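**Q** What follows is a protein structure lacking sequence information:
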């Protein structure tokens, strides 16, 4: 790592950072509604975004600083096993095509802002809704923290903030400033800020990747040399070479599948989805979002390039920023660092908004102030979005940076346990609300305890997200095992509860709600009691 501050790169980085800050504050006036004091306006951008805005927003939401820093870092550290992120982003789009349009329709018809709103309305259970909301907030916190880790990695390579022996306040001051700016424009502009900034972020990322995938291999002697250097490293390290051993195939496959199932359970994914103005916008986006998967595959190759370039870092999160500084001219390194930094700001803003909406609608309004006005809801959500960011910042400043990805993967284990309630509820009312709650609890407890028992060379607990699958003996993703247990408990519990005629909640939705579009008339239909809880 080079000593001192890279002045040129820092100057370019600061320029872009200031530019998106201005855009973030200007977004408050973009498509401004007559009544901006509601969660629909502040938290969902007025539910008015078209295909391209939604595409950039979802891209900025899903392909984050985690993508830019942690995925190539995983390749750098573990080899081809780190490519699990590529197949899971391929699997996820056919999956979401089946249920996201239904979720958009019923949410639009009933004014649902969060997934917990839908779960409460579908199953008539505030307890189940609360479980989904708390899970969403818990899973989002480390994800926001991971974005701040991405910014911190860039600042470390730029040489900003001093060395390890520097006073902690001075060292973390640049990160604190970035956090303050993020908090301010999110509070001011809501979801409109990341929606506008996402255009800048995605343009920078595509430019950087296009240049990197051509320029860096030329400097390193071609892809043949890059793959040979990576293969030599992993063979020497006793890892068996570039491709993972057969023993790791279950881990790879289950992690990819489990991650695909979990991705659109995250509150920020749903927030970006519900901001769309029509059902067709969602369908179109599921067909064009795979363009990001192509970008992700190219991006992952940077991990091998870092090996071939001789990048040596003690923290794997620094590998790609260091590669950029070593290989690019200073000015373009600044562009690359800006892409990573802005790639952290966009999702962090959406995530904090999504977590705040969950608290406001499904904790504050459901349990603390049921008569809260739309204006009060918006104000509470703004304040909570600040608190969420403070929590994520504290998480970053106190944790071991080398295990940031494992904390995010723990969040994936948790959020996957909401799948039966959300996706199951979109297609059937058969599941009993108490069975869903029991299945969720079993999945959460098993997943957390199993992850707690995983050690790594750097930590005694939460050292990874893979463990032996009970009854199979193969090492697999803990989240998927917990999900299977969740579903089994839910199905068995539903049979038992229906047999004893346990009371079911009232379903406030109707079959037509799940296929309604923005222009469809909302015709009230009185359903007989036998139909209200039917499957559709």
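**A** Received, thanks. Keep in mind the model is a prediction, meaning the values are calculated, not measured.
**Q** Residue 199: which element?
**A** helix 192-220 (DSSP states H and E).
**Q** Would you confirm that residue 201 contacts residue 346?
**A** Yes. Residue 201 lies in contact with residue 346 (Cβ atoms under 8 Å); the separation is 5.0 Å. Using the backbone N, CA and C atoms, a C-beta is placed for each residue, glycine as well.
**Q** Quick check: neighbours shared by the two?
**A** residue 60 (Cβ atoms under 8 Å, 6 or more residues apart in numbering).
**Q** since we're on residue 262, how many residues are nearby?
**A** The number of residues packed near residue 262 is 27, by other Cβ atoms under 10 Å.
**Q** Roughly how far does it sit from residue 228?
**A** Counting by Cβ to Cβ, to the nearest Å, the separation of residue 262 from residue 228 is 35 Å.
**Q** pLDDT below threshold where in this structure?
**A** By pLDDT under 70, the low-scoring segments of the chain are 1-4, 28, 31-36, 161-171, 237-241, 244, 399-406, 519-536.
**Q** any idea which helix or strand comes after the helix holding residue 199?
**A** helix 223-236.
**Q** Tell me the helices and strands packed up against that next one.
**A** Applying 3 or more Cβ pairs under 8 Å, 6 or more residues apart in numbering; DSSP states H and E, one finds that helix 223-236 contacts helix 192-220, helix 302-308.
**Q** gap between the helix ranked longest in the chain and the chain center?
**A** In the chain, taking DSSP state H as the definition, the longest helix is helix 126-158. Mean C-alpha position of helix 126-158 versus that of the full chain (Cα atoms, centre = their mean, to the nearest Å) differs by 8 Å.
**Q** C-terminal to that helix, what's the next element?
**A** helix 168-189.
**Q** quick one, that following helix and helix 126-158 angle?
**A** Counting by axes from the mean of the first three to the mean of the last three Cα atoms, to 10 degrees, helix 168-189 points 130 degrees away from the direction of helix 126-158.
**Q** so when I look at residue 467, I'm seeing a helix, right?
**A** No. According to DSSP: H, G, I helix; E, B strand; the rest coil, residue 467 belongs to no helix; its state is strand.
**Q** correct me, but it touches residue 452?
**A** No. Using Cβ under 8 Å as the test, residue 467 is too far from residue 452 to be in contact (10.3 Å).
**Q** quick one, which of those two is more surrounded?
**A** residue 467 (17 against 13).
**Q** what separates that one from residue 309, distance-wise?
**A** Plainly put, residue 467 is 34 Å away from residue 309 if you go by Cβ to Cβ.
**Q** cool, and residue 328?
**A** Separation of residue 328 from residue 309 (Cβ to Cβ) stands at 11 Å.
**Q** Same check on residue 470?
**A** Per Cβ to Cβ, residue 470 is found 42 Å from residue 309.
**Q** One more: residue 480?
**A** According to Cβ to Cβ, residue 480 stands 35 Å off from residue 309.
**Q** now residue 341
**A** Taken as Cβ to Cβ, the span from residue 341 to residue 309 is 22 Å.
**Q** Residue 40 too?
**A** For residue 40, the distance to residue 309 - Cβ to Cβ - is 48 Å.
**Q** can you check residue 353 too?
**A** 38 Å.
**Q** cool, residue 185 as well?
**A** 36 Å.
**Q** all helices for the stretch 301-450 of the chain, in order.
**A** With helices called from DSSP state H, counting those that start in this stretch, the stretch 301-450 of the chain shows them at 302-308, 319-327, 330-359, 374-398, 404-416, 419, 425-427, 433-452.
**Q** didn't residue 197 look like it was pressed against residue 23?
**A** Yes. Residue 197 lies in contact with residue 23 (Cβ under 8 Å); the separation is 5.6 Å.
**Q** Settle it for me: which of those two has more neighbours?
**A** The residue with more neighbours, out of residue 197 and residue 23, is residue 197; 25 against 18, by other Cβ under 10 Å.
**Q** Please name the nearest non-neighbouring residue to the more buried one.
**A** Closest residue to residue 197 apart from its sequence neighbours, by Cβ to Cβ, 6 or more residues apart in numbering: residue 20 at 4.9 Å.
**Q** Need the three-state assignment for that neighbour.
**A** Look at residue 20: counting by three-state DSSP, its state is helix.
**Q** so how far is residue 272 from the residue nearest the centre of the chain?
**A** Nearest to the mean C-alpha position of the chain, counting by Cα atoms, centre = their mean, stands residue 62 at 5.6 Å. Noted for residue 62: a distance of 8 Å to residue 272, by Cβ to Cβ.
**Q** Ok, residue 136 next?
**A** Note on residue 136: its distance to residue 272, by Cβ to Cβ, is 14 Å.
**Q** Neighbour count: these two, which is higher?
**A** Between residue 136 and residue 272, residue 272 has the larger neighbour count (other Cβ under 10 Å), namely 33 against 28.
**Q** host element of that one?
**A** Counting by DSSP H and E, residue 272 is found in helix 267-274.
**Q** same deal with residue 470?
**A** Counting by DSSP H and E, residue 470 is found in no helix or strand.
**Q** Can you tell me how far residue 75 is from residue 383?
**A** From residue 75 to residue 383 the distance is 40 Å (Cβ to Cβ).
**Q** Those two - which one has more neighbours?
**A** residue 75 (27 against 14).
**Q** and that one, what does it touch?
**A** With contact set as Cβ under 8 Å, 6+ apart, residue 75 has these partners: 82-83, 300-304.
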